[in-house]
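Q: Just a sequence and a predicted model for now, questions to come.
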Amino acid sequence: MKATTRIQLSSMMFLEFFIWGAWFVTLGTFLAQHFSASGSQMGLAFETQSIGAIIAPFIIGLIADRYFSAQKILGFMHLTGAALLFFVATTNSFAAFYPLVLIYMLLYMPTLALVNTIAFKQLKDNPEKFAQIRVFGTVGWIIAGVLIGYFGWESSRQLQNTFLLASFASALLGVLSFFLPNTPPSAKQDGAGLRHMIGLDALGMLRDKTYLVFFITSVLICIPLAFYYQNTNLFLNDIGMAGAAATMSLGQVSEILFMLMLPLFLKRFGIKITLLIGILAWVIRYVLFAYGDTGDQIWMLFVGILLHGICYDFFFVTGQIYTEKKAGLKNKAAAQGLITLATYGVGMLIGFRLAGWITDTYTSAGSYQWEQIWLIPAGFAVVVLLLFIVLFREKQATASE
């Protein structure tokens, strides 16, 4: 790959995830500070991600993958998204905020697939080097959190600036997109591309009882996952942690480190043990959040944040690897589409709705009962863990099969 192309793709990934991390991490705190939003309203706002994830395959399958070059539709979506984020920053009520952020996420979520498509097109002879490009996305997410902490927007109640920051980055990526390597549409006009993209071609995998257990587990574990995205930044700010967004970026640093360790761990212990550790990490994380504080127990909060690498890599990345191995040659992409639709779409949609309801239940006069709020997803993750231990019986689910 030419150095120029590598820089273009790395910059694309950096900005793609910088945009998301610049406002999504602090969304719960923003809603509480600016709109005095209820837990249910927070759930509705975060659900826009899941709605976008459910709709995204249809947008890609019907439009981007059939009629337009990927880099052009990427540019259009990000330029439009930049305008929407600018207007989001000017809203003064949840009623005005919600439709704008919903439209934005309907545009943004498909771009996650588009940047992968563009990168893999250039890496067609060396797809295993995708991680070297994708890692810049994680770096972008980290830098976004560090900047929010540096400017002190959480403590100064100026989180509307996060949307302006994301708007600027979105406009920059929108312009950059038109200079990316050409990635023409590849799907045929017979509708097969759409079926493939949304994962319908991979439904036959669910006839395998073991994979069905994994699939259901993946959906269920996304329910406690939603609590992390929706409540963590609000929780850390509420209990008085300075620079909460910057502190949370340590989770992405952990993600990079454990991503490097994952191949060795899979080779040594196999898929099942790795998945079990990933689920267990969610239990431990939420228990630490329930009993941690910014005093003597602050170490619990830091450990809970640093567990993000295990929580995400050991379950979700391992799950993608397992899905890749179980899928037939023709269904590999469709299988990934199916698991993404089920987890980030259906699973997290349920999770955000439940997290909003639980937060409302354990909030009184603006005071959050965080111990109860965190122990509920911890308990749910324990149930998922036990079900997985009992029902998942893959005898040779190792990285070497």
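A: Received it, and whenever you're ready, just let me know what you need.
Q: How about the helix or strand where residue 109 lies, which residues are buried there?
A: Secondary structure from DSSP states H and E places residue 109 in helix 94-122. Within helix 94-122, the residues that count as buried by 16 or more other Cβ atoms under 10 Å are 94, 97-98, 100-119, 121-122. In short, each C-beta sits where N, CA and C put it, glycine included.
Q: Report the mean per-residue pLDDT for it.
A: Helix 94-122 carries an average pLDDT of 90.
Q: swap in stretch 22-31?
A: According to the model, stretch 22-31 has a mean pLDDT of 95.
Q: contacting residues around it?
A: For stretch 22-31, contacts defined as Cβ atoms under 8 Å, 6 or more residues apart in numbering pick out 37, 41-42, 45-46, 49, 85, 94, 97, 144-145, 147-148, 153-154, 159-160, 162-163, 165-166, 169, 229-234, 237, 244-245, 248.
Q: In helices only, show me the residues you listed.
A: 41-42, 45-46, 49, 85, 94, 97, 144-145, 147-148, 160, 162-163, 165-166, 169, 229-234, 237, 244-245, 248 (DSSP state H).
Q: list the contacts for the residue lying closest to residue 378 once chain neighbours are set aside?
A: Closest residue to residue 378 apart from its sequence neighbours, by Cβ to Cβ, 6 or more residues apart in numbering: residue 286 at 3.6 Å. By Cβ under 8 Å, 6+ apart, the residues touching residue 286 are 224, 227, 304, 374-375, 377-378, 381.
Q: which one of these is nearest residue 340?
A: Residue 340 lies nearest to residue 224 out of these, by Cβ to Cβ, at 18.2 Å.
Q: per-residue confidence averaged over the helix or strand harbouring the closest one?
A: Assigned by DSSP H and E, residue 224 falls within helix 209-238. Throughout helix 209-238, pLDDT has a mean value of 92.
Q: Which helix or strand lies directly C-terminal to the lengthiest helix in the chain?
A: Counting residues, the longest helix found in the chain (DSSP H) is helix 250-291. Heading C-terminal from helix 250-291, the first helix or strand you meet, by DSSP H and E, is helix 298-306.
Q: residues making contact with the helix or strand following that following helix?
A: Helices and strands here follow DSSP H and E; after helix 298-306, the next one along the chain is helix 308-311. With Cβ under 8 Å, 6+ apart as the test, helix 308-311 has contacts from 225, 228, 250-252, 254-259, 277-278, 281-282, 285.
Q: Quick one: which of these has the lowest pLDDT value?
A: Note: of the contacts of helix 308-311, the lowest pLDDT belongs to residue 259, at 83.
Q: For that one, grab the count of nearby residues.
A: Per other Cβ atoms under 10 Å, the neighbour tally for residue 259 reads 18.
Q: so it sits right up against residue 314, yeah?
A: No: Residue 259 is not in contact with residue 314 according to Cβ atoms under 8 Å; the separation is 10.0 Å.
Q: Quick check: pLDDT value at the residue nearest to residue 378.
A: For residue 286, the pLDDT comes out at 97.
Q: cool, the one 5 residues further on as well?
A: According to the prediction, residue 291 has pLDDT 96.
Q: Please pull out the lowest mean pLDDT helix or strand from this structure.
A: helix 192-197 (a mean of 56; mean pLDDT, DSSP states H and E).
Q: Now do whatever helix or strand residue 51 lives in against helix 94-122, angle only.
A: Residue 51 is part of helix 39-59, with elements assigned from DSSP H and E. If you take axes from the mean of the first three to the mean of the last three Cα atoms, to 10 degrees, helix 39-59 sits at 40 degrees to helix 94-122.
Q: among the contacts of helix 308-311, who's most crowded?
A: residue 285 (28 neighbours).
Q: isn't that residue right up against residue 302?
A: No: Residue 285 lies out of contact with residue 302 (Cβ under 8 Å); the separation is 11.3 Å.
Q: wait, isn't residue 86 in contact with residue 163?
A: Yes: counting by Cβ under 8 Å, residue 163 is a contact partner of residue 86 at 7.3 Å.
Q: between those two, which one's more packed in?
A: Between residue 86 and residue 163, counted using other Cβ under 10 Å, residue 163 has the larger neighbour count: 27 against 17.
Q: how much space between the more buried one and residue 89?
A: To residue 89, residue 163 is 4 Å away according to Cβ to Cβ, to the nearest Å.
Q: Could you do residue 52 as well?
A: 19 Å.
Q: and these two? which has more neighbours close in?
A: Neighbours per residue (other Cβ under 10 Å) separate residue 52 from residue 89, with residue 52 holding more: 24 against 20.
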